[in-house]
Each structure stands twice: as structure tokens, then as C-alpha cells.
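Undergrad: Only the shape, not the letters, is given here:
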């Protein structure tokens, strides 16, 4: 029984190794195809310079914030709440201003229409 288990493990690992090898072979062939010389319209081969590797991105790890005391935490929460309230008040004021502008535009339109009707009635 142990013999069969070991034999099956060997077969499984060999299959996995062959798969990785074939993938790397495919990638090598793809790289060669990309780097192969190209023929231009005149029939001359043109070898392009290899493309530079992609720049390495540096990942910055944020430092862990120090533990805040309860008073500092409350102060921070109060500041956030005040900021939210300020934004909410600004939005509400903007909505009211917009509604007032619409009402004023309607009144102006009505008065202009009345003026035009009066002018048309005089003719």
C-alpha cells in the first residue's frame, strides 16, 4: 500500500515538473519571437533595441499610528464630526441657493412673458 502511495506521488510530481518546464519553454519561445529581427518594406532586417525592463515600484508601508489617549481620540472624532457638519451645511446652503435661483428665474420669465404679451396687445 505504501509502495502505491509513493509511486503515485512520484508520478504526480513528475507531471507537475513537466508542466512548469513546458510553460517556461513557451515563455522563452515567446520572448524570442518578440526579440526577433523584423523585415521592413525594403526587405532589410531591422533589429530593434531591446525594451528596457519595467521600473520597479516601491511599496511604502505606513507606520503604525501610535495609540491615542481617550481625550486625543475624542478630540479627533470631534474634529471629524465638525468637518462633516460644515460640509453638510455647505451642501444645504447650495441647495437652497439653487432653489432660490430657480424661483427667481421663473419670476423673471413670467414678467418677461407678461411684458411681451402687453407689447403684442398694443400692436
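TA: Yes, it's here. All of these numbers come straight from a predicted model, not from anything done at the bench.
Undergrad: so where's this structure uncertain?
TA: 1-2, 4-7, 9, 11-27, 29-50, 65, 123 (pLDDT under 70).
Undergrad: residue ranges of the strands in the protein, please?
TA: 38-39, 45-46 (DSSP state E).
Undergrad: In contact with residue 87: list those residues for me.
TA: Contact analysis of residue 87 by C-beta atoms under 8 Å, 6 or more residues apart in numbering lists nothing. Heads up, the C-betas are built off the backbone N, CA and C, glycines and all.
Undergrad: what separates it from residue 51, distance-wise?
TA: Remark: distance between residue 87 and residue 51 (C-beta to C-beta, to the nearest Å) = 47 Å.
Undergrad: what do you get for residue 77?
TA: From residue 77 to residue 51 the distance is 51 Å (C-beta to C-beta).
Undergrad: How about residue 100?
TA: As judged by C-beta to C-beta, residue 100 and residue 51 stand 60 Å apart.
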